[in-house]
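Q: coords please:
(one chain, ligands or ions: 1)
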Amino acid sequence: MSLLDVKSFAAGEWISPDDNARLIENAVTGALMGRAGNDALDVQAMLDHARDVGGPALRKMTFHDRARMLKALAAHLGQHKQALYDLSFATGATQADHLIDIDGGIGTMFVFASKGRREMPDAHVYLDGEVEQLSRGGTFLGQHIATPLQGVAVHINAFNFPVWGMLEKLAPTMLAGVPAIVKPATATSYVTELAVKIMLDSGILPAGAVQLVSGGLGDMLERLTCQDVVSFTGSAETAFKLRSAPHILRNSIRFVAEQDSLNASILGPDAVPGTPEFDLFVKEVQREMTTKAGQKCTAIRRILVPHAQIDATIDALRTRLGQTVIGDPKAEATRMGALVNTSQKRDVLEKAAIIGEEAERVFGDPERFEVHNADGDAGAFLPPMLFHCADPDAASRVHDTEAFGPVSTIMGYRDLDHAIALVNRGEGSLVASVITHDSDVAREVAMGAGAFHGRLYFNNRDSMGESTGHGSPLPHMVHGGPGRAGGGEEMGGVRGVMHYMQRTAIQGSPDILTALGKKWVPNATEQVTETHPFTRSFHDLHIGETIHTDPRVITLEDIEHFAAFTGDTFYAHMDDAAAKRNPFFPGRVAHGYLLLSFAAGMFVEPSEGPVLANTGLDNLRFMKPVEAGDSIKVRLTVKHKTPRNEEYGEVRWHVTLTNQEGELVAEYELLTMNAYQA
Ligand code: NAP
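A: Numbers count the residues shown, from 1 in each chain. From the prediction side, this is the model:
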């Protein structure tokens, strides 16, 4: 049978493997099925192509342009996912596994596309945090900004999620405006190759934005600079080797690592048999052990249960694991497919043997188990294997040996402090879960174990209907963990995009900060226009454009009328003596909401026009009380504009109310939706 040639995509060309290519095995049959890699790959040309062609094209686009590009790519991949499913069965994955890898990857891209539009500006500079006041007079200010790195992101991925593993890195990288070179693990590189081909064929990506290395990277990492990033997912051993290379260290090249991890799940002391939590726990553990045949970086490797519940939990797990149909991943009845290849199977058996030195196997015999519709001897099949460690305090290997397959160890704990101590013995993990209906238990675990884990997942009867599972990293939340887990963080919304940008502290005048951030900052030059800004369309409004109203005197009748009309007869507005006793007020004062209402009446342009609606107020503060006889005037400035859809965008106005002494009475941001057409 001829072998599948898994190509690389380098500097605009597809490059076939050469005679030294690495060989790829079919997980289900054990037969050789493909080859990948070419020693003659010109890695310098790839880096140059990314830096000189892909990077500039991506950086020309705004965050919103790139978000729209991601959305279109995700939709395009969605239309071609059947081809990806069909190919992925050879990796040993079932259809349920494909949903995590392929649909999960596409979903991740959609979330980044949406966050890019909502949380990032339609501009080239991302503002990180608020303006910092660095001088008394407000003429010298600070602002952190982020701009895309001008190099390339090299993504080195693990074999277990050939699509999700690529897309969860690609989405934030491209949103940042940085080109990527993707290097999938050879074992499943053919699936990644197809996904890359689908993306490139769509014509959505600018040239040089995405390249692919199937097989070895050659000396690419030796040629990186401070503008490049390596994002690695894989074993702790490979991560250590790559990140400690002198060239990487000497040049402070960013290295984000997602490594293996001894994740744990705790059965809460309250979750005794008979509670919904106990059943939920058993279900989650079984699912984590068998999904992707346990080849998940987030899978539950250690199961922590109160001593009293050990026997009941083992019994329940035996029953559930015993129902797991193992076999041909294409067959509908199959619940667990094969490991990725026979070398991975050997590795898992070796690690299981190490765990077996400290724990007794209580379920799953790798020598005797049933495989349906496939050759169990030739393919990389294993049964789920559950170990019981009777003395987890004395043990060490159960806390540090990752068998990257359907292997997990159950151990008992005495009390919650003991559970926390044990869960932290993983020395840093991607995720720990706690199944409990007791919020105090959750709080105690968060305080005791939070620092050791990138994610804490709590679940119980209230959330189980909608919860996403212990093992699912979500694009909104950070994925990564301290210590053994690599010390990295991916995703987490915009946080993940920041890995591909440089944060720069900008110091300067209000005008300079306004120009850089396209967001008006206080004390910047005002632009006064002839016409009222409410008469002009979204695109005709300028940042910094300002109107000042005439003053209006507030009378006692106004205050009484407002009190009677709204029913707000709070004593500070009605009773002079009582108001005087209050440390905030000199006597009877106007309602804050009366002032806001007057302000609206003072700055409004009443005719039908491009302002469609007032959609809210942000950051409202009342600074100084207003008494009858005082006067107020309003200043309204265009602070920021954000396109929302094809018809209109949001305008954020900075509004201040001042009294007859020029003192600030109130300050807020007004939000309106403004039409693109006047
Ligand atoms: P691996 O053997 O460490 O390989 C990871 C990646 O590194 C592969 O693409 C591999 O390519 C590449 N690689 C290996 N040596 C290299 C070198 N000298 N230069 C450049 N690249 C090199 O890990 P794996 O077996 O694929 O994945 C399993 C491990 O990944 C498990 O330990 C699992 O826990 C971890 N994992 C972690 C996460 C996470 O998010 N934290 C997710 C998934 C998996 P080749 O395949 O071509 O050798």
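
Q: Residue 157 versus the residue of the stretch 101-250 of the chain found nearest the ligand, what's the distance?
A: Taking CB to the nearest ligand atom as the measure, the stretch 101-250 of the chain has residue 234 as its residue closest to the ligand, at 2.4 Å. (C-beta placed from N, C-alpha, C; glycine too.) According to CB to CB, to the nearest Å, residue 234 stands 8 Å off from residue 157.

Q: Quick check: neighbours shared by the two?
A: The contact sets of residue 234 and residue 157 overlap at residue 185 (CB atoms under 8 Å, 6 or more residues apart in numbering).

Q: This structure against the ligand: which residues are in contact?
A: On the criterion CB under 6 Å from any ligand atom, the ligand has as its neighbours in the chain the residues 156-160, 183, 185-187, 217, 233-235, 238, 242, 258-260, 297, 402, 404, 430.

Q: The stretch 51-200 of the chain: strands as residue ranges?
A: Using DSSP state E, counting those that start in this stretch, the strands assigned to the stretch 51-200 of the chain run over residues 126-133, 141-148, 153-156, 180-183.

Q: Please save the CA atoms from the third one in CSV.
A: Read it as strand 153-156. Taking C-alpha atoms only, strand 153-156 is exported to CSV below (Å, rounded to 0.1, in the frame of the first residue of the first chain):
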residue,chain,number,x,y,z
ALA,A,153,5.0,32.5,16.2
VAL,A,154,6.3,29.0,16.0
HIS,A,155,3.6,26.6,17.3
ILE,A,156,4.8,23.2,18.3
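
Q: Give me the contacts around it.
A: Contact with strand 153-156 is made by 166, 169-170, 173, 178-183, 217, 220-221, 224, 228-234, 242, 500, as judged by CB under 8 Å, 6+ apart.

Q: average pLDDT for that strand?
A: Strand 153-156 shows a mean pLDDT of 98.

Q: Inside helices: which ones of the contacts of strand 153-156?
A: Judged by DSSP state H, the contacts of strand 153-156 include 166, 169-170, 173, 242 as members of helices.

Q: coming back round to it: tell me, how many residues neighbour the residue of the stretch 101-250 of the chain closest to the ligand?
A: As a burial measure, the neighbour count of residue 234 was computed by other CB atoms under 10 Å and equals 21.

Q: can you check residue 531 too?
A: Neighbour count of residue 531, defined by other CB under 10 Å: 10.

Q: if we can go back for a sec, please tell me how far the residue of the stretch 101-250 of the chain closest to the ligand sits from residue 468.
A: Here residue 234 is placed at a distance of 24 Å from residue 468 (CB to CB).

Q: Please apply the same query to residue 348.
A: Look at residue 348 and residue 468: by CB to CB, they are 26 Å apart.

Q: can you check residue 91 too?
A: Counting by CB to CB - residue 91 and residue 468 are separated by 23 Å.

Q: So if I had to pick from these two, which one is more boxed in?
A: residue 91 (31 against 12).

Q: Find me the pLDDT at the more buried one, would you?
A: For residue 91, the pLDDT comes out at 97.

Q: likewise residue 1?
A: Here the pLDDT value assigned to residue 1 is 63.

Q: How about residue 253, nearest residue that isn't a chain neighbour?
A: Once its chain neighbours are removed from consideration, residue 253 has its nearest residue in residue 224; the separation is 5.1 Å (CB to CB, 6 or more residues apart in numbering).

Q: these two touch, right, residue 123 and residue 61?
A: No: at 10.7 Å, residue 123 does not count as touching residue 61 under the criterion of CB atoms under 8 Å.

Q: Verify the contact between residue 532 and residue 547 for me.
A: Yes: with contact defined as CB under 8 Å, residue 532 and residue 547 form a contacting pair (6.8 Å).

Q: neighbour count winner among the two?
A: With other CB under 10 Å as the criterion, residue 532 and residue 547 differ in neighbour count, and residue 547 comes out ahead with 20 against 15.

Q: residue contacts, the more buried one?
A: Shown in contact with residue 547 (CB under 8 Å, 6+ apart): 528, 532-533, 603, 635-636.

Q: Quick one, which of those residues are buried?
A: Among those, those classed as buried by 16 or more other CB atoms under 10 Å are 533, 603, 635-636.

Q: farthest pair in these?
A: Checking these against each other with CB to CB, the farthest-apart pair comes out as 533 and 635, at 12.1 Å.

Q: Please report how far the most far-flung residue of the chain relative to its centre lies from residue 527.
A: Ranking residues of the chain by C-alpha distance from their mean position (CA atoms, centre = their mean) puts residue 577 at the top, at 55.4 Å. For residue 577, the distance to residue 527 under the criterion CB to CB works out to 47 Å.

Q: which residues touch the helix or strand hosting the residue farthest from the centre of the chain?
A: Residue 577 is located in helix 576-581, with elements delineated by DSSP states H and E. For helix 576-581, contacts defined as CB under 8 Å, 6+ apart pick out 571-573, 585-589.

Q: Now the buried members of those residues.
A: Among these, those buried by neighbour count (16+ other CB under 10 Å) are 572-573, 585, 588-589.

Q: can I have the helix or strand just after the helix holding residue 577 written out in PDB, keeping just the CAs?
A: Secondary structure here is assigned by DSSP H and E; on that basis, the next helix or strand after helix 576-581 toward the C-terminus is helix 592-603. Extracted in PDB, the C-alpha atoms of helix 592-603 (Å, rounded to 0.1, in the frame of the first residue of the first chain):
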ATOM      1  CA  GLY A 592     -28.200  63.400  41.500                       C
ATOM      2  CA  TYR A 593     -30.700  62.000  39.000                       C
ATOM      3  CA  LEU A 594     -32.300  65.400  38.700                       C
ATOM      4  CA  LEU A 595     -29.000  66.800  37.600                       C
ATOM      5  CA  LEU A 596     -28.500  64.000  35.100                       C
ATOM      6  CA  SER A 597     -31.900  64.600  33.700                       C
ATOM      7  CA  PHE A 598     -31.300  68.300  33.400                       C
ATOM      8  CA  ALA A 599     -27.900  67.500  31.800                       C
ATOM      9  CA  ALA A 600     -29.700  65.400  29.100                       C
ATOM     10  CA  GLY A 601     -32.100  68.300  28.500                       C
ATOM     11  CA  MET A 602     -29.200  70.700  28.200                       C
ATOM     12  CA  PHE A 603     -27.100  68.800  25.700                       C
END
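
Q: Just list what helix 592-603 packs against, helices and strands only.
A: Using 3 or more CB pairs under 8 Å, 6 or more residues apart in numbering; DSSP states H and E as the contact criterion, the elements in contact with helix 592-603 are helix 556-566, strand 611-622, strand 631-643, strand 648-659, strand 664-675.

Q: Leaving out the residues flanking it, which one is nearest to residue 43?
A: On the basis of CB to CB, 6+ apart, the spatially nearest residue to residue 43 that is not a chain neighbour turns out to be residue 220, at 4.1 Å.

Q: just the strands in the stretch 351-500 of the chain please.
A: According to DSSP E, counting those that start in this stretch, the strands that the stretch 351-500 of the chain contains are 360-363, 385-389, 407-413, 429-435, 453-459, 478-481, 488-491.

Q: how about those in CSV, adding distance to residue 44, mean pLDDT and mean neighbour count?
A: Compiled in CSV, the strands of the stretch 351-500 of the chain are given as follows (distance: least, CB to CB, whole Å; pLDDT from 0 to 100; neighbours: other CB atoms under 10 Å):
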stretch, distance to residue 44, mean pLDDT, mean neighbour count
strand 360-363, 51, 97, 16
strand 385-389, 46, 98, 23
strand 407-413, 42, 98, 26
strand 429-435, 35, 96, 29
strand 453-459, 35, 97, 23
strand 478-481, 31, 95, 23
strand 488-491, 27, 93, 22
